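A.B. asks: here you go, sequence then predicted model.
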Amino acid sequence: MSSPFELILQSLKDYRKEAPTLIGYAAWLLLPFFVSFAVSFLPITPVVQMLAIILTVVELVFIIWITIILCLCAQAIVFEQKANVSTISQQAKQLIFPVVIVNLLQLLVVLGGFLLLVIPVFLFAVWFGLTQFVTIFENKRGFDALSASRELTKGRFWYSARLVLIGPLVLLVCFSFLLSLMISIGSAIYGIDPTQLLSDDIPRWVESLEAVGELFFLPLVLLYFTHVYRELHEHPLQLEKSPEIA
């Protein structure tokens, strides 16, 4: 059984190997950023506000589509399969609606756990943390995807919790540190007091830096979760001392 840190190292290794493909697809995520940036210069009128709402919906669907494509690429990389570049975008389009539905179901479940207290939220976050990947990789829908994600963690709750929660947390902390370091360097170059970035409107260059950083960060996160999915999917269950929690 692999630890979160071992899966992170494997994800980094895969990332370095397939960086051109992953970053190439992820670069399309900059398109919504540029569109939003352009719209922000338009005068605030009812027509522009309506346009902004429509663009927000289109951008959300576009982001989901690209993210699914990256998940399919990650699946091919992690499972050592040959990705069909000519059909992967069409396959991703067919998965947009199912992914949106399971995301909504997952959100409702987690919100329900939040209303019940912190412990249910923690349980649901682990049980259903791989729901989107089950939908994409196993072509499951709705509650079947939630149930399949739950089955992956059954009998090994605490091990699954380490994989699903600790690994992404480590990646997020590292990403936040690197981003903060780059912002500090940029602030020094422009002669800006970094504390002003917390009180004033966020400068465009900071937003651009965050968008570019997320472009590189997202494929790594998806690779990591794909490795988590494979780890739980391919290894037999090992019952723990507290099966009532698992």
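C.D. replies: Perfect, thanks for sending it. Numbers count the residues shown, from 1 in each chain.
A.B. asks: quick one: contacts of the helix or strand encompassing I185?
C.D. replies: Here I185 sits within helix 167-190, counting by DSSP states H and E. Helix 167-190 has contacts (CB atoms under 8 Å, 6 or more residues apart in numbering) with 4-5, 7-8, 192-194, 197, 205-206, 209-210, 213, 217, 220-221, 224-225, 228. Where you see a C-beta, it was placed from the backbone N, CA and C, and this is true even at glycine.
A.B. asks: could you pull out the helices for the protein?
C.D. replies: With helices called from DSSP state H, the chain shows them at 4-26, 30-39, 46-78, 85-116, 118-127, 131-138, 142-153, 157-161, 167-190, 196-199, 204-234.
A.B. asks: packing partners for the first one?
C.D. replies: Right, the one you point to is helix 4-26. helix 46-78, helix 167-190, helix 204-234 (3 or more CB pairs under 8 Å, 6 or more residues apart in numbering; DSSP states H and E).
A.B. asks: could you pull up the mean pLDDT of stretch 63-81?
C.D. replies: Summarised as a single mean, pLDDT over stretch 63-81 is 93.
A.B. asks: revised request: answer the last question for stretch 160-172.
C.D. replies: 93.
A.B. asks: likewise stretch 93-104?
C.D. replies: On average, stretch 93-104 scores 93.
A.B. asks: list the buried residues in that stretch.
C.D. replies: For stretch 93-104, the neighbour count (16 or more other CB atoms under 10 Å) marks L95, P98, V99, V102 as buried.
A.B. asks: again with stretch 164-174
C.D. replies: V164, G167, P168, L171.
A.B. asks: next one: stretch 172-188
C.D. replies: Applying 16+ other CB under 10 Å to stretch 172-188 flags F175, L179, I183, G186, S187 as buried.
A.B. asks: in space, what's closest to L42 - neighbours in sequence excluded?
C.D. replies: V48 (4.8 Å; CB to CB, 6 or more residues apart in numbering).
A.B. asks: and the gap between that neighbour and G112?
C.D. replies: 37 Å (CB to CB, to the nearest Å).
A.B. asks: check I44 too.
C.D. replies: 37 Å.
A.B. asks: of these two, who's got more company?
C.D. replies: More neighbours surround G112 than the other of I44 and G112, with 12 against 9 (other CB atoms under 10 Å).
A.B. asks: list the contacts of the more buried one.
C.D. replies: P120, F124.
A.B. asks: highest mean neighbour count out of the helices of the chain?
C.D. replies: helix 131-138 (a mean of 23; mean count of other CB atoms under 10 Å).
A.B. asks: thinking Q81 is in contact with C73, fair?
C.D. replies: No. Shown here, Q81 and C73 do not form a contact pair, counting by CB atoms under 8 Å, at 10.2 Å.
A.B. asks: ok, and the closest non-adjacent residue to L130?
C.D. replies: Per CB to CB, 6+ apart, closest to L130 is S149, 4.6 Å.
A.B. asks: my guess is the one you found contacts F137. True?
C.D. replies: No. S149 is beyond contact range of F137, at 10.9 Å (criterion: CB under 8 Å).
A.B. asks: below-threshold pLDDT in the protein: ranges please.
C.D. replies: 114-118, 193-200, 236-246 (pLDDT under 70).
A.B. asks: before we move on, back to that, got the buried residues of stretch 172-188 as JSON lines, with distance to L31 columns?
C.D. replies: Formatted as JSON lines, the buried residues of stretch 172-188 follow (distance: CB to CB, whole Å):
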{"residue": "F175", "distance to L31": "22"}
{"residue": "L179", "distance to L31": "21"}
{"residue": "I183", "distance to L31": "23"}
{"residue": "G186", "distance to L31": "23"}
{"residue": "S187", "distance to L31": "27"}
